Structures are given as structure tokens and as C-alpha cells.
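Undergrad: all I have is the shape, not the residue letters:
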């Protein structure tokens with residue numbers, strides 16, 4: 001996850017003011033790219049949908065994770081309180 005985080009930081013640092021001074025949807029796509037996410041708006045939530053990313057008060061940051069845990073469903077003994085069960089994140093970050 002640290003490697004992904006460092007790569008995301010470098011991509012974010014490379015963004016220019018011009019790239020971010022455009023219509024919100026275009027700037028959001030650049031933020032998705034920097035975070036290592038794909039712009040998936042044509043798939044349902046739970047299948048990798050990222051249309052909500054950076055679009056509301058709750059989905060306003062990016063947390064890098066290892067690929068081998070990206071498909072965890074938050075339904076086991078290590079469940080994180082307050083996070084949805086069966087929240088499929090993997091397809092959006094692969």
C-alpha cells in the first residue's frame with residue numbers, strides 16, 4: 001500500500017493548475033487518475049463504480065490499499081465499524 005500511496009502522491013504532485021482549473025467532472029477525472037482509480041460510471045455500485053468518488057462529503061479522499069485486500073468485503077471478524085458490509089472496492093482500483 002505504501003508503494004501505491006507514493007505513486008499516487010507523485011501523480012497528484014504532477015497535476016498542474018491548468019489541469020484542475022477546468023469543469024469539475026474533468027478535474028475529478030484527473031484526481032481519480034492521481035489516486036490510481038479508474039473512472040467507472042457505467043457499472044453499478046459494487047461492481048467498481050467510482051462516479052461518487054470526490055463528489056460528496058463522504059467520498060472526498062483516497063486511501064491506497066494492496067491489491068490482495070481490495071476484494072475484502074468487510075464481513076469477517078476484523079470488520080470495520082461504520083463501513084458498509086459487501087462494499088466491493090476491488091473492481092474500481094484494479
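TA: Sure, I can see it. Quick caveat: nothing in here was measured; it's all calculated off a predicted structure.

Undergrad: low-scoring stretches of the chain, by residue?
TA: Residue ranges of the chain with pLDDT under 70: 89, 92-94.

Undergrad: now do the helices in this structure.
TA: Taking DSSP state H, the helices of the chain run over residues 2-14, 17-20, 24-35, 90-93.

Undergrad: looking at these, which is buried most?
TA: Comparing these by mean neighbour count (mean count of other Cβ atoms under 10 Å), helix 90-93 comes out on top with a mean of 18. C-beta here means a position set from N, CA and C on the backbone, and glycine is covered the same way.

Undergrad: tell me who's in contact with residue 15.
TA: 30-31, 34 (Cβ atoms under 8 Å, 6 or more residues apart in numbering).

Undergrad: and the gap between the residue lying farthest from the centre of the chain and residue 84?
TA: In the chain, counting by Cα atoms, centre = their mean, residue 77 sits farthest out from the average C-alpha position, at 24.3 Å. Distance of residue 77 to residue 84, given as Cβ to Cβ, to the nearest Å: 17 Å.

Undergrad: follow-up on the earlier one: how about the helices of the chain in TSV, adding distance to residue 63?
TA: Converted to TSV, those look like this (distance: least, Cβ to Cβ, whole Å):
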stretch	distance to residue 63
helix 2-14	9
helix 17-20	21
helix 24-35	9
helix 90-93	10
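
Undergrad: mind checking which of the ones you listed is nearest residue 71?
TA: Minimum separation from residue 71 across those (Cβ to Cβ) falls at helix 90-93, 3.9 Å.

Undergrad: which residues touch the residue lying closest to residue 62 once chain neighbours are set aside?
TA: Excluding the flanking residues, the one nearest residue 62 by Cβ to Cβ, 6 or more residues apart in numbering is residue 35, at 3.6 Å. Residue 35 is in contact with 8, 11-12, 53, 62, 64, counting by Cβ under 8 Å, 6+ apart.
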